[in-house]
Structure formats: C-alpha cells, structure tokens
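>>> Starting from these lines, generate the structure:
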Amino acid sequence: MKKAFLALAVLCAVAMMAGCKGGTATEADSLSQKEMLITPPGYFDKYLIPSEGPIDTMGLDTMIFTFCEVDAEFPGSEDSLNAFLHRNIRYPKDAKDKKIEGTVYVSFVVERDGDITDAKVVRDIGYGCGEEALRVLNTMPKWKPATQHGYAVRQQNNLPIRFSLNKIK
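From the prediction side, this is the model:
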C-alpha cells in the first residue's frame, strides 16, 4: 500500500515538473500527451483499492461511517421495520396515563455482521418511552450491513420512533 502511494506521489511530481518546464502557462498547456505523464486506466483500482481479502490496512474494519455507497437496512424493507416497531413497542404505563406523545430518536451502529451495537437515546420524551425504544431496538433481528467499495462496514444510524396514543389498542 505504501508503494502505491509513493508511486502516486512520484507520478504527481513528474507531472508537475513536465507542466513547469515551459515556464509559462500557455507553453505548459500546449504540451502533448506524450510529454506529460498520464496515470494509466485502472491504476487506482489495481493499486489503491484492494480487490479481495482483508481491508484492515485501509481502516475500514474499525471506522464508523455515516454515509456509505450502500446504506445498512432492516431485513425486508422500511415497511417491515415499521411493522416490527408497531408489533413490538409496548406503550409505557406512565406515558399512557399522562397522555404523553412524541418521537424518541435513537442512535445505533450496524456492525459488519448486521448486529446492532452502541444503542443510545438521542432525544427522549420521558416517562419510559426512551427505555422502551432501546428495549425494542435491542430485540431487532440482524440488519443487512452497509457496504463501501464492496466491503461490509460499520454504519451509524438514527431512527425516529413515534409514540402515538391513537395508534395503540
């Protein structure tokens, strides 16, 4: 990996020197492609992005992404996630008695194997709703992990969970 970055640095330095040899911008712009060093097609794919095997050298195993090429997703669809939440959330008695409604925001990490970790309440409406949201979040099945450059990576997610009295039985 270090050799690839060193080669890229050398290519940049040679290209800069080739561009500066004329002395003026117009002379440098008029250089032919043969005179300038061009990065060959597929160079970055071959040398900078591994095609297979472990990716720990790039740090993708430990990094937590917020945005990915393909985001993590609940098995099925967003409708499946909503159905899961509707089936499993039990309205807390204190919140029901005090007619508390609102949205609890939870944050969590979907790991490379689809497990949910580091779950925490970001915004709570109180009366046990945040605790209930975390309880349900921790009972979820494995998610389909996010991918970056074709590899499964860890991704930070936020999920709003709505507590509404008119939707309970």
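>>> what's near enough to touch residue 71?
By CB atoms under 8 Å, 6 or more residues apart in numbering, the contact list for residue 71 reads 146, 155. For the C-beta atoms, the positions are set from N, CA and C on the backbone; glycine is no exception.
>>> How is the protein partitioned into domains?
Here the domain parsing of the chain from automatic domain parsing is 2-48, 64-167.
>>> what is the rounded mean pLDDT of the longest one?
If I follow you right, that is domain 64-167. Averaged across domain 64-167, the pLDDT comes to 94.
>>> One more: the shortest one?
The predicted model assigns domain 2-48 a mean pLDDT of 49.
>>> any idea which strand is longest in the protein?
Ranked by residue count and defined by DSSP state E, the top strand of the chain is strand 151-163.
>>> Export it to CSV, keeping only CA atoms.
The C-alpha trace of strand 151-163 is given here as CSV (Å, rounded to 0.1, in the frame of the first residue of the first chain):
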residue,chain,number,x,y,z
TYR,A,151,-16.9,-4.4,1.7
ALA,A,152,-19.3,-4.6,4.7
VAL,A,153,-18.6,-1.7,7.0
ARG,A,154,-19.9,-0.3,10.3
GLN,A,155,-22.5,2.4,9.9
GLN,A,156,-24.0,4.9,12.4
ASN,A,157,-27.8,5.2,12.1
ASN,A,158,-30.5,7.3,13.7
LEU,A,159,-34.1,6.1,14.0
PRO,A,160,-37.1,8.1,15.0
ILE,A,161,-39.7,6.0,16.9
ARG,A,162,-43.1,7.7,17.2
PHE,A,163,-45.2,7.2,20.3
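>>> Tell me which residues of that strand come out buried.
Judged by neighbour count using 16 or more other CB atoms under 10 Å, the buried positions of strand 151-163 are 151-155, 157, 159, 161, 163.
>>> For the protein, which segments count as helices?
For the chain, the helices defined by DSSP state H occupy 2-20, 25-29, 43-47, 78-88, 93-97, 129-138.
>>> And the contacts of the fourth one?
If I follow you right, that is helix 78-88. Outside helix 78-88, the residues that touch it by CB under 8 Å, 6+ apart are 74, 136, 139-140, 161, 167.
>>> switch to 10 Å and redo it
In this structure, residues lying in contact with helix 78-88 by CB atoms under 10 Å, 6 or more residues apart in numbering are 73-77, 132-133, 135-137, 139-141, 143, 159, 161-162, 167-168.
>>> Among those, the buried ones, what's the ChimeraX command?
To isolate in ChimeraX the members of the contacts of helix 78-88 that are buried, counting by 16+ other CB under 10 Å, one can use:
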select :73,74,132,133,136,137,140,143,159,161
